[in-house]
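K.L.:
predicted structure and sequence below. I'll ask about it afterward.
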Amino acid sequence: MPNSLASQETVSFEETLDLMRTKLTGIVPDVEIEIKAELAHKINQLKAEKNAVILGHNYMEPALFNSVPDYVGDSLELSRVSAETDADIIVFCGVQFMAETAKILNPNKTVLIPAQKAGCSLAEGISAQDVRDLKEVYPGVPVVTYINTYADVKAESDYCCTSGNAGNVVRHLLEEGHKHILFLPDEFLARNTAKEVGVDYIEPVLDAGVQTLSDTPAIIGWKARCEVHELFNVDDINNVRKQFPEASVIAHPECSPEVVEVSDYAGSTKQLIDYVQRVDAKQYLVLTECSMGDNIAAENPDKDMLRLCSFRCPYMNLITMEDTLAALEGIQYEVHLDADLIERARTPIDRMLSIR
Ligand code: SF4
């Protein structure tokens, strides 16, 4: 989704401040808006001088999210934008695996990530060797890896997916005649996707030799979890429902199947935003990384968002406006990947992007 403020090259500091106040008053303290508006103005000027584009994930903090990205969205939307940009430099305000995906799609462009150590518990939860081992235990079973993985894991995969298209990718493989699919690395997304498409879920086995699978269609998962989404639990939802009985509870599918089960709707960050805009409810409780609730509130001042979440992703939190400015000033930190790795990791991403 294009961001109206950042896409205007000639916005003065005063206009930047006014626009940020319009969006952020009540969400960010005014003194912080003033400080961040100065940074935003400098970043947007530098971005135009260097023909750079800034992509901002939905989990960026509200001041950054609402001022400097040219495009904001979830992993799938930003992958599509990065595949089509004609900017010379891509600054990815998101975590490492996202910047790697942009580099894989744009091998000849300079891709920068503002914080070098912005990891992800899902991406850290599986290695390329794990995938090779699984392929030996389940020979011939296609491998779908979540976009939240590093390039070497993608390179071992047949398809990538995001939380927005996981069901479509799995259905595509089932329609091609595959009965079993290795779906890595997020256990909860795998379980939720199995339920969505109506197939069984099988726990992975690594130490018992080649596995014989029955004819029943199934997803074989892995054991990694998002350290943020696994914190949501059914008791907390029930407590909120007692206090706000008319609230609509919407969850990201990286939450446990039990949490998704008692929610009113589950979807990717884009699908959650669309739900809030589409569906009239008295209040909304969004069960995902907590900056996104603030960003939805900024975009939809007429909607009553219950801002009760305190689960901030420690990796997304490393991406600041100060570091975004430093990234553009010093052209740091550049993502480097071997050409061979880029080629191998690109195939599953292209296959994903071809599935709507
Ligand atoms: S919110 Fe979870 S999945 Fe997203 S970057 Fe943070 S740890 Fe990874």
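P.N.:
Looks like it came in fine. Numbers count the residues shown, from 1 in each chain.

K.L.:
tell me the SS of Thr10?
P.N.:
coil (DSSP: H, G, I helix; E, B strand; the rest coil).

K.L.:
use 270 as the first number from now on
P.N.:
Sure thing, new numbering starts at 270, so read that last one as Thr279.

K.L.:
and the pLDDT at it?
P.N.:
pLDDT, Thr279: 72.

K.L.:
count the residues that sit near it.
P.N.:
A count of neighbours around Thr279, defined by other Cβ atoms under 10 Å, yields 8. In this view, the C-beta of every residue, glycine as well, is placed from N, C-alpha and C.

K.L.:
ok, so what distance separates it from Asp339?
P.N.:
Note on Thr279: its distance to Asp339, by Cβ to Cβ, to the nearest Å, is 15 Å.

K.L.:
what's the answer for Val300, then?
P.N.:
Distance from Val300 to Asp339, by Cβ to Cβ: 27 Å.

K.L.:
which one's more surrounded, these two?
P.N.:
Applying other Cβ under 10 Å to Val300 and Asp339 shows that Asp339 carries more neighbours, namely 21 against 8.

K.L.:
per the record, what domains does this structure have?
P.N.:
282-389+585-599, 392-494, 498-568 (automatic domain parsing).

K.L.:
any bit of the second one sitting next to the ligand?
P.N.:
Yes. Judged by Cβ under 6 Å from any ligand atom, domain 392-494 comes into contact with the ligand through Asn417.

K.L.:
end-to-end on that domain?
P.N.:
By Cα to Cα, to the nearest Å, the extent of domain 392-494 from end to end equals 9 Å.

K.L.:
again, but for the first one
P.N.:
Domain 282-389+585-599 has an end-to-end distance of 22 Å (criterion: Cα to Cα).

K.L.:
near the ligand, anything from that domain?
P.N.:
Yes. Applying Cβ under 6 Å from any ligand atom, one finds domain 282-389+585-599 touching the ligand at 364, 389, 585.

K.L.:
next one: that domain to chain centre, how far?
P.N.:
Centroid separation for domain 282-389+585-599 versus its chain: 14 Å, with Cα atoms, centre = their mean, to the nearest Å.

K.L.:
can you check stretch 417-435 too?
P.N.:
Relative to the chain's own centre, stretch 417-435 is displaced by 12 Å; criterion: Cα atoms, centre = their mean.

K.L.:
so for that stretch, mean pLDDT?
P.N.:
96.

K.L.:
how long is it end to end?
P.N.:
12 Å.

K.L.:
give me the contacts around stretch 506-517.
P.N.:
Stretch 506-517 has contacts (Cβ atoms under 8 Å, 6 or more residues apart in numbering) with 518, 528, 531-534, 544, 548, 550-554, 556, 575, 577.

K.L.:
how many neighbours does the residue of the stretch 420-569 of the chain found nearest the ligand have?
P.N.:
Closest residue of the stretch 420-569 of the chain to the ligand, Cβ to the nearest ligand atom: Cys495 (3.4 Å). For Cys495, the number of neighbouring residues by other Cβ under 10 Å comes to 24.

K.L.:
now do Gln365
P.N.:
22.

K.L.:
swap in Lys551?
P.N.:
When neighbours are counted by other Cβ under 10 Å, Lys551 comes out with 11.

K.L.:
that one: what's it in contact with?
P.N.:
Lys551 makes contact with 513, 515-517, 573, according to Cβ under 8 Å, 6+ apart.
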